[in-house]
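**Student:** Show me how the following folds:
(one chain, ligands or ions: 2)
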Amino acid sequence: MSLINDCVFCRIIRSELPSTRLYEDDLVLAFLDIAPFNPGHCLVIPKQHHHSITTLPTEYQGRIMSVASKLGAAVVRSLEADAFNLLLNNGTCAGQEVPHVHLHVIPRFRDDRPIFNPAKQQYKDQAHMQETAAKIRAKLGE
Ligand code: AMP
Ligand code: ZN
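**Tutor:** Numbers count the residues shown, from 1 in each chain. Ligands and ions are numbered 1, 2, ... in the order given. Next comes the predicted model:
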């Protein structure tokens, strides 16, 4: 575990950089995103530096999700949002810019603009779908 890291979120944890804090406990910190998709957009981060959710210890994985769930309920009630997104970009190709795990909590409103505009694909056929599932299952336990 390393809090001796120069990443921007580790510096926020150590209060070397300012943030608008919403919640803190022994494992996680939540604060407002400085460039929100909507006002109230916040981030929940573990107090341990990990680039990827896959190396984050399970107690932190669980806590960021349970805190994000409570924050989602709080933004709906406090900001009269209609819904919220929980979003975690894991890896550069997935849109991760800050190399410290963070779960976005994004308040959403009726008639909001879309976050994603994906061009969805289809499986070539049933066999392609089954082969894909088999490959994933084979690596799940590792
Ligand atoms: P991602 O693209 O998933 O890595 O998201 C990184 C998020 O961190 C973006 O939404 C940024 O606006 C946000 N962000 C970056 N620096 C700060 C900061 N100093 N305080 C608050 N939010 C930040
Ligand atoms: Zn960090």
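
**Student:** wait, residue 107 sits on residue 71?
**Tutor:** No - in this structure residue 107 lies outside contact range of residue 71 using C-beta atoms under 8 Å: 9.6 Å. For every residue, glycine as well, the C-beta is placed using N, CA and C.

**Student:** okay, those two: which has more neighbours?
**Tutor:** In this view residue 107 and residue 71 are compared by other C-beta atoms under 10 Å, and residue 107 has more residues nearby, 25 against 22.

**Student:** Dig out what that one forms beta bridges with.
**Tutor:** Beta-bridge partners recorded for residue 107 (DSSP bridges): residue 84.

**Student:** so what's it up against?
**Tutor:** The neighbourhood of residue 107, defined by C-beta atoms under 8 Å, 6 or more residues apart in numbering, consists of 38-41, 75-76, 79, 81, 83-84.

**Student:** and if we set it to 10 Å?
**Tutor:** 36-42, 71-72, 74-76, 78-85 (C-beta atoms under 10 Å, 6 or more residues apart in numbering).

**Student:** Which members of these occur in strands, if any?
**Tutor:** If you go by DSSP state E, the contacts of residue 107 have 42, 83-85 in strands.

**Student:** Of those, keep whichever come out buried.
**Tutor:** 42, 84-85 (16 or more other C-beta atoms under 10 Å).

**Student:** Can you get me the centre-to-centre distance for the lowest-mean-pLDDT helix or strand in the chain and its chain?
**Tutor:** When each helix and strand of the chain is scored by mean pLDDT, DSSP states H and E, helix 126-140 comes last, with a mean of 94. Helix 126-140 sits 26 Å away from the centroid of its parent chain (C-alpha atoms, centre = their mean, to the nearest Å).

**Student:** Also stretch 30-45?
**Tutor:** Its chain's average C-alpha position is 11 Å from that of stretch 30-45, according to C-alpha atoms, centre = their mean.

**Student:** Any residue of that stretch touching ligand 1?
**Tutor:** Yes - counting by C-beta under 6 Å from any ligand atom, ligand 1 is contacted by stretch 30-45 at 33-35.

**Student:** what's near enough to touch the most centrally placed residue in the chain?
**Tutor:** The structure's the chain has its C-alpha centroid closest to residue 103; by C-alpha atoms, centre = their mean the separation is 1.9 Å. By C-beta under 10 Å, 6+ apart, the contact list for residue 103 reads 28, 30, 42-46, 53, 61, 64-65, 67-69, 71, 86-89.
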